[in-house]
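Asks: One predicted model, sequence on top.
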Amino acid sequence: MRSGIATLMKRLLTGYAIYYNRRHNRHGQLFQNRYKSIICQEDAYLLELVRYIHLNPLRGKIAVDLEALNRYPYCGHSALMGNQKRKWQDTEYVLRYFGKRLGAARKQYLSYVEDGVSRGRRPELVGGGLIRSLGGWDEIKKRLKGQDRIKSDQRILGESDFVIDVLSESEEQFSRKYKLKRLGYTFEKVTEKVCEIFKLEKEYITGRGKQRDRVHARDLLCYWVVVDLGIPMVDVARRLDITPAAVSISVQRGEKTAKDYKLE
């Protein structure tokens, strides 16, 4: 899904906040901060994050000890230990870092988690990009050689080259959106482009209906305006008189259509 976990979490938390406020007759913000995701480089950083996140119930005194954490139902740790069954959680992906045989892998994983109990809170595991991966500010000052700034990003956790690659890709995507808008590409102009490609009328594409050609055209339209122009799904849904969820599905199908037919 191109919209990613951030979009999913935003919808989940917003929906829950609305439900909770209605149920308890309250108003205003429910969660202290917005959801934040961090792009993580695999291997050592991934395992550090898995351990740190799964120890949150213990640090928050929701689980009294490690044995209670092993059975705590609202944490991925219990599924990794085999005490909870969740089809959607990929436990094998994490456990294979600790061994080939399931029993031995769980034992090694538990030992790894137990070793992290005494480490407490880890500010360095909330992103930090190049500043931390280069060895902190002292090391950075040695490398600056007259410069007074260095590129970093709190949303990225990984080694220097990894951070640079992620930032470069992000900048390319931003530059593309800016360039398209500067060239005058709007929802209307993209719609006209889709009409030309499929040789269909605008009202036919944007109207309701599940005809094959109409669906393909609408999928491509949704993909281009959401991904390439950055128009929010809610706005696109309002224009097409469909739900944001339907737009999300169309974006996924539209990406495949664009690739299959090499449309740019």
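Replies: In hand now; what should we look at?

Asks: helices and strands of this protein: which one bottoms out on pLDDT?
Replies: Ranked by mean pLDDT, DSSP states H and E, the weakest helix or strand in the chain is helix 129-133, scoring a mean of 43.

Asks: Can you point out the buried residues in stretch 101-111?
Replies: Neighbour counts over stretch 101-111 (16 or more other CB atoms under 10 Å) mark 105, 106, 109, 110 as buried. In this view, the C-beta of every residue, glycine as well, is placed from N, C-alpha and C.

Asks: What of stretch 64-80?
Replies: For stretch 64-80, a neighbour-count test (16+ other CB under 10 Å) marks 69, 70, 72, 75, 76, 77, 78, 79, 80 as buried.

Asks: same thing with stretch 190-210?
Replies: Per 16+ other CB under 10 Å, stretch 190-210 contains these buried residues: 190, 191, 194, 195, 198, 200, 205, 206.

Asks: again, but for stretch 251-264
Replies: Residues of stretch 251-264 classed as buried by neighbour count (16+ other CB under 10 Å): 251, 253, 254, 255, 257, 258.

Asks: if we can go back for a sec, tell me the one of the buried residues of stretch 64-80 nearest residue 19?
Replies: Nearest to residue 19 out of the buried residues of stretch 64-80 is residue 75 (CB to CB; 22.3 Å).

Asks: Do I have it right that that closest one meets residue 58?
Replies: No: taking contacts as CB atoms under 8 Å, residue 75 lies outside contact range of residue 58: 9.3 Å.

Asks: Need the overlap of contacts for those two.
Replies: Contact criterion CB atoms under 8 Å, 6 or more residues apart in numbering; residues shared by residue 75 and residue 58: residue 69.

Asks: Inside strands: which ones of the buried residues of stretch 251-264?
Replies: Judged by DSSP state E, strands contain none of those.

Asks: CSV for those residues, including pLDDT and distance to residue 181?
Replies: Below are these laid out as CSV (pLDDT from 0 to 100; distance: CB to CB, whole Å):
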residue, pLDDT, distance to residue 181
251, 89, 19
253, 91, 24
254, 92, 19
255, 90, 20
257, 90, 23
258, 91, 19
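
Asks: got these as CSV, with distance to residue 30 columns?
Replies: Output for the buried residues of stretch 251-264, formatted as CSV (distance: CB to CB, whole Å):
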residue, distance to residue 30
251, 28
253, 33
254, 33
255, 33
257, 38
258, 38
